[in-house]
Every structure is written in C-alpha cells, then in structure tokens.
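**Q** predicted model follows, preceded by the sequence.
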Amino acid sequence: MRARSLGTMALGLMLAAAPAAAATDAAFTDWLAAFRSEAAAKGITPATIEAALTGLEPIPRVIELDQKQPERTVTFDEYIARILSPTRIANGRAKLAEHSAVLAEVSQRFGVPPRFIVALWGIETSYGGYTGSFPVIGALATLAWEGRRADYFRGELLAALKIVDQGHVQPAGMMGSWAGAMGHSQFMPSSFLAYAIDWNNDGAKDIWGTHADVFASAANYLKSVGWREELTWGREVNLSANFATADADLKVAKPLAAWQAMGVRRADGGDLPARDLSASIVLPGGPGGPAYLVYDNYRSIMRWNRSLYFATAVGLLADRIGAP
Ligand SMILES: [Ca+2]
C-alpha cells in the first residue's frame, strides 16, 4: 500500500499527493526508528547512525525506478553493439595506457590481466564517467522500506553503515546507482566489505575516486571467485551444422579435444587449442546467434553479474582493448 501511494505520486497523479506524502512520511519515520535500533544492536556506532540516518527521507525516484517495467528485451546483438562501441574501445585503450603502471602491479598481485580490469570498469561505469548520482544510504533505505526485495536491501543498508563505520567514506560521499551499486566498480556494499582493497595504503578503500583502489578491488573480486591466471575467458567459435543446441549450456563442460571431435572450430576455421582444458559452449543470443567456447574465468565474470550478455561483453571488450 505504501509503495502504491508513492508510485502514484511518481507518475504525476498529484490529486492526493499532500495527504499521501504525510502518511508516507510517518510510515517511513517509524520504519527508520526500528532500523536504527537494529543497526545499534548489530554494532553500528552511534556516531555513524547519527551521521548516516538522521533526517533521512525516502527517494521517490528510487521507488519509481524499482517499479518500472522493462521496456523491451534488448537482443544480444544490440547489447554487444552498444558495449563494443568505437568510443568505448578507444577509451579503453587509452585508459589501459594511462594507468599501465598501477594496472601492472595489481595484475601481478591478483593474476588478472589489466585488459579484464579495464573492460569491467568500462562496462560498469564507462571508465568512471558514469558512477551514479544517488546517495546510496538514502536509496538503500528507500528500497529496504518499500522495495520488492526489502530483506536484501536491509542487509545492504547495514553493510553500507559498516563501511561508514570503518571510515572509508563519509555518508555524503557514498554515491551510486538507484539500487545501491557504488563507485567506479559498482560494488554493492556487501561486495565492498568482501572484496574492496586499499591499494594505495592511505587507510581508505576508495572505489569512488582512487584508481588504484578501484583496479585492485575489481581484480580481488575476480581472484576471490576463482579467476585462473593461466586462462583467458574464451573465444568465438563455429559450430558444426549438426551441433545439438542442448550442449550449449554452462552445465555441459567437456575437454577441448571432445569439442574439437564434435566439429567445434575457431571462428577462422582453425583447430581448437591443443590444451587439456575444460570448456563449455554458450549461445548468448540463442540458437543461430554467435557461439562462444568459454573457460572457468567466464564463470568468474558471471559471479560479478549473472548474465551471459555481460560476461561475453567483458571478454570481447577485454580482447579489443588489450592483446589477448
Ligand atoms: Ca586507498
């Protein structure tokens, strides 16, 4: 009910706006009081609770975006064309060169090649150009109060308060997307707590403004979810005419030699690498679309974002901006 009254306001049906807003404010104030008690019981310091939650109000635009229906499904080809734009590729090459020294250090430490770190950065926020304009604590409180996944966002809000408690960022500087993804790498607060790194050793894990921290945090994330230094992500392949679509599934893993025997070839027609590796075939755009042979690192990218579109785009962009 609360959600509906605010959603109606957001749609511009303003007749009942004044009384609805008053009722909403009272409901949110009650919710916030209960949440403050929970945060204190879970060890968040009074200073952080005071700084982060006092005077907080729900953000109508966040509710509107949470309730928005997807306009239509973007096809894989459309998605890839947008991600692999000439501008993003050119900017990625420039960023790779500009930050080559620190990327080399980070890559050495975590075993993730610079091109993948830069590709993730480029896809998440256009290399930091587009990191989100919402105050994360206000956005998460809004979603924890009224959202469809209130329990999840309540946990993320508590994680956000822990980050403030640890002194990495002031509440006012904690900016991100409407759904709480923060900084250059768009980490949710729980991911920040698990993976963020203070690479430049200034005491703050700063994914909002310190490139070294952004790169190390992204690489640490991939390393922590199983990235294997000796592998790349995968490659585009050609399938034989009688290839069974059911075999194109991340649950189906076979040695490269088995795929080779089944008629899978490199995109240029050449044989698959003669290495003893397990791989899967994916068809992000469905049957008839491009096919990719993918290694375990592709699964690691999917731990970042569980989407075949996303994981394939990261791999393709990485290969365009840096030598595979
Ligand atoms: Ca730092």
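**A** Noted; the coordinates are in hand. Numbering: from 1, shown residues only.
**Q** tell me where the stretch 101-250 of the chain has strands.
**A** Taking DSSP state E, counting those that start in this stretch, the strands of the stretch 101-250 of the chain run over residues 134-135, 175-176, 234-238.
**Q** list the contacts of the longest one.
**A** Counting by Cβ atoms under 8 Å, 6 or more residues apart in numbering, the neighbours of strand 234-238 from elsewhere in the structure are 259, 264-267, 269, 272, 279, 281, 290-295, 297-298, 312, 315. For glycine as for every other residue, the C-beta is placed from the backbone atoms N, C-alpha and C.
**Q** with just CA atoms, put that strand into PDB.
**A** Taking Å, rounded to 0.1, in the frame of the first residue of the first chain, the C-alpha atoms of strand 234-238 are listed here in PDB:
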ATOM      1  CA  GLY A 234      37.000 -17.900 -24.000                       C
ATOM      2  CA  ARG A 235      36.700 -17.200 -27.800                       C
ATOM      3  CA  GLU A 236      34.100 -17.100 -30.500                       C
ATOM      4  CA  VAL A 237      33.800 -20.400 -32.300                       C
ATOM      5  CA  ASN A 238      32.000 -22.000 -35.300                       C
END
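**Q** next SSE after it?
**A** strand 254-255 (DSSP states H and E).
**Q** quick one: residues contacting residue 155.
**A** Applying Cβ under 8 Å, 6+ apart, we find residue 155 in contact with residue 190.
**Q** roughly how far apart are it and residue 296?
**A** Distance check for residue 155 against residue 296: by Cβ to Cβ, to the nearest Å, it reads 29 Å.
**Q** how about residue 316?
**A** Per Cβ to Cβ, residue 316 is found 18 Å from residue 296.
**Q** out of these two, which sits in the more crowded spot?
**A** Neighbours were counted for residue 316 and for residue 296 using other Cβ atoms under 10 Å; residue 316 has more, 21 against 17.
**Q** on the three-state scheme, that one is what?
**A** Following DSSP: H, G, I helix; E, B strand; the rest coil, we place residue 316 in the helix state.
**Q** what helix or strand does residue 258 sit in?
**A** Using DSSP H and E, residue 258 maps to helix 256-261.
**Q** quick one: average pLDDT of the following helix or strand past that helix?
**A** Per DSSP H and E, the first helix or strand lying C-terminal to helix 256-261 is strand 265-266. Averaged over strand 265-266, pLDDT sits at 98.
**Q** same thing with stretch 105-112?
**A** Across stretch 105-112, the average pLDDT comes to 98.
**Q** give me the neighbour count for residue 202.
**A** Residues near residue 202, counting by other Cβ under 10 Å, number 11.
**Q** what do you get for the one 10 residues further on?
**A** A count of neighbours around residue 212, defined by other Cβ under 10 Å, yields 20.
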